[in-house]
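J.: Following is a predicted model, sequence given first.
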Amino acid sequence: MFDPDIAPSGTLLGLLQRGRGDGTLHALAAPRAEALAALHHCVLRDPRRDWQVENRSLYYARLCLDLDAELDEIEQHLFHPDDLVNDDEARTGLALSVLGHLAAYGRADALRLLRRYTAAGSNWQWALDELALRDDDPGLRGLAPAVLARFPETSEGDAELAAVVRGAYEPRPWRLWAGDPHHGPRVRAAAEQGAFDRWQRQMRPSGPRPGWSVHDILLWAQREHDLKPDARRPDAAARCLAAVAGPEDRPELLAAAASAPDAARAAALRHLAEIGDPEVLDLIEAAVTEPDASELVSQAALSAFERMRSISALDRARVWAHRPDALGDAAAAMLSCRGGQYDT
């Protein structure tokens, strides 16, 4: 079986979609028109499941060079009317990255196409980043009017410009434009505003302050988890607890580790494990084995146990190592890493 968007692995298109090394050999051996059709299909319809973790642009760029491919199809794709309504980076990102590599190899037509798209395309920031690595100073300076024209000279436009300058992946073009006699004042003001925004965020962080109590930190961890379930607030809360909690807070932490809402419970378990509380191993076992325990709590308990370095944790690992569950796996891994034995 194969993904319906991916051709069978025995075909030329399937080999190129998978990034196989022998795909290049098959492409060079195939009729040039067939090889170019398969190559363009890949570049214009990104076959990767996750473009953020799999690099494929250099592979396709080198094949473009080997096949002496023209850029007409890429140009049509970039400037298709869809670009006016679909600003998803996944639609054009691979094509722009391929152009960037081709420009690095000396393809002047790729460089010109990147400049045109930076001036008029929706994914212009990606194209500008590619140019920042490959274009010369005069070429980048010539793009300043088109890029800055995207931001109207209003309070909203200036705020958008400041956000873009602050978040720029490659700062080189903005630094060049900051020194331009005509555009420099506006770019410098945007950069200063971005720096001020960062300073404000640092002065007003959203997390717990040192003056907060254990109760406040646990409430914050749970509230943030409820708002953003994917955020790792239990870990951050545990670090805050290390700075705030004292001996007098132990009863509250033990109670939270036993029955608090998920994020607060996870943070308390993590903190108690880090300080080596004598009751934490029983609390960890309960968190992992309770039938109604959430995945957040059970995973936090396992992670807390795996981080422990005490003799008591090693002794408990010898007891748990024979269990046919996740706790047994974690205990066996701990003993294996430390050269321990299952039996005392």
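T.: Looks like it came in fine.

J.: element containing residue 97, please.
T.: helix 89-104 (DSSP states H and E).

J.: just the CA coordinates of that helix, formatted as PDB?
T.: Only the C-alpha atoms of helix 89-104 are listed here, as PDB (Å, rounded to 0.1, in the frame of the first residue of the first chain):
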ATOM      1  CA  GLU A  89       3.900  28.400   2.700                       C
ATOM      2  CA  ALA A  90       3.600  24.800   1.700                       C
ATOM      3  CA  ARG A  91       2.300  25.700  -1.800                       C
ATOM      4  CA  THR A  92       5.400  27.600  -2.800                       C
ATOM      5  CA  GLY A  93       8.100  26.900  -0.200                       C
ATOM      6  CA  LEU A  94       9.700  24.000  -2.000                       C
ATOM      7  CA  ALA A  95       9.800  25.800  -5.300                       C
ATOM      8  CA  LEU A  96      11.400  28.800  -3.600                       C
ATOM      9  CA  SER A  97      14.000  26.700  -1.900                       C
ATOM     10  CA  VAL A  98      14.900  25.000  -5.100                       C
ATOM     11  CA  LEU A  99      15.300  28.400  -6.700                       C
ATOM     12  CA  GLY A 100      17.600  29.400  -3.900                       C
ATOM     13  CA  HIS A 101      19.900  26.500  -4.400                       C
ATOM     14  CA  LEU A 102      19.900  27.100  -8.200                       C
ATOM     15  CA  ALA A 103      20.800  30.800  -7.600                       C
ATOM     16  CA  ALA A 104      23.700  29.600  -5.300                       C
END
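
J.: which residues are contacting that helix?
T.: Helix 89-104 has contacts (C-beta atoms under 8 Å, 6 or more residues apart in numbering) with 43-44, 46, 48, 51, 56-58, 60-62, 64-65, 71, 74, 77-78, 82-83, 110-111, 113-114, 117, 121-123, 126-127, 130-131, 133-135. Any C-beta I mention is one placed from the backbone N, CA and C, and that applies to glycine too.

J.: Is residue 41 in contact with residue 13, as I believe?
T.: Yes: Residue 41 is within contact range of residue 13, at 6.1 Å (criterion: C-beta atoms under 8 Å).

J.: the more surrounded of those two?
T.: Of the pair residue 41 and residue 13, residue 13 is the one with more neighbours under other C-beta atoms under 10 Å, namely 22 against 15.

J.: OK, contacts around residue 190?
T.: 158, 161, 162, 164, 165.

J.: secondary structure class for it?
T.: Assigned state for residue 190: helix (three-state reduction, DSSP: H, G, I helix; E, B strand; the rest coil).
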